[in-house]
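> please work out how this folds:
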Amino acid sequence: MKRGFTLIEVLVALAIVAVSVMAGMRAAASMTRNADRQWQVLLAQVCADNALYRLRLGSTLPNVGESRVTCPQAELALDVVLTVQTTPNPSFRRVDAQVFLQSTPLLRVSTVLGRY
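Below you'll find the model as predicted:
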């Protein structure tokens, strides 16, 4: 007498395979989102560094206040908001560079600039 699998056994095996495939797809999607986020943060770091270097290369201390600079990088329209604040020492300024993708903040970098 030949014996095969019953319909219930086949359905249980298919359910187990389906659950494991769904878990693998979810993990792959999560890794893809994480890689995309890391790429965006890397580009945001480039934009923030460029904006801060531009201020460092200036011959005077930056004016206190807020300014916005656009920074197109790899088909992303990133915005850099530079906030310049005074410090207790008048020879230095605190500068915060915050990078946004549309309205989502990606990165914030702070530094202190001084007179030379």
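> use CA for all of it now, contacts and neighbours both
Will do.
> wait, A97 touches S110, no?
Yes: with contact defined as Cα atoms under 8 Å, A97 and S110 form a contacting pair (6.2 Å).
> more neighbours, those two?
Using other Cα atoms under 10 Å as the criterion, A97 and S110 rank with A97 on top: 25 against 14.
> what is the burial count for D96?
D96 has 20 neighbouring residues, counting by other Cα under 10 Å.
> what residues are up against it?
D96 makes contact with 81-84, 108-111, according to Cα atoms under 8 Å, 6 or more residues apart in numbering.
> spatially central, which residue of this structure would that be?
Most central in the chain under Cα atoms, centre = their mean is V41, positioned 3.0 Å from the mean C-alpha point.
> quick one: which of the contacts of D96 has the most company?
Among those, L82 has the most neighbours (other Cα under 10 Å), with 24 neighbours.
> dump the helix or strand containing that one to PDB, restricted to CA.
Per DSSP states H and E, L82 falls inside strand 76-86. The C-alpha coordinates for strand 76-86 follow below in PDB (Å, rounded to 0.1, in the frame of the first residue of the first chain):
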ATOM      1  CA  LEU A  76      17.800  64.700  -3.300                       C
ATOM      2  CA  ALA A  77      16.800  68.300  -2.600                       C
ATOM      3  CA  LEU A  78      18.300  68.700   0.900                       C
ATOM      4  CA  ASP A  79      17.900  71.900   2.900                       C
ATOM      5  CA  VAL A  80      20.500  73.100   5.400                       C
ATOM      6  CA  VAL A  81      19.400  75.400   8.200                       C
ATOM      7  CA  LEU A  82      22.300  77.300   9.800                       C
ATOM      8  CA  THR A  83      21.700  78.800  13.200                       C
ATOM      9  CA  VAL A  84      24.400  81.100  14.500                       C
ATOM     10  CA  GLN A  85      24.300  82.000  18.200                       C
ATOM     11  CA  THR A  86      26.600  84.100  20.400                       C
END
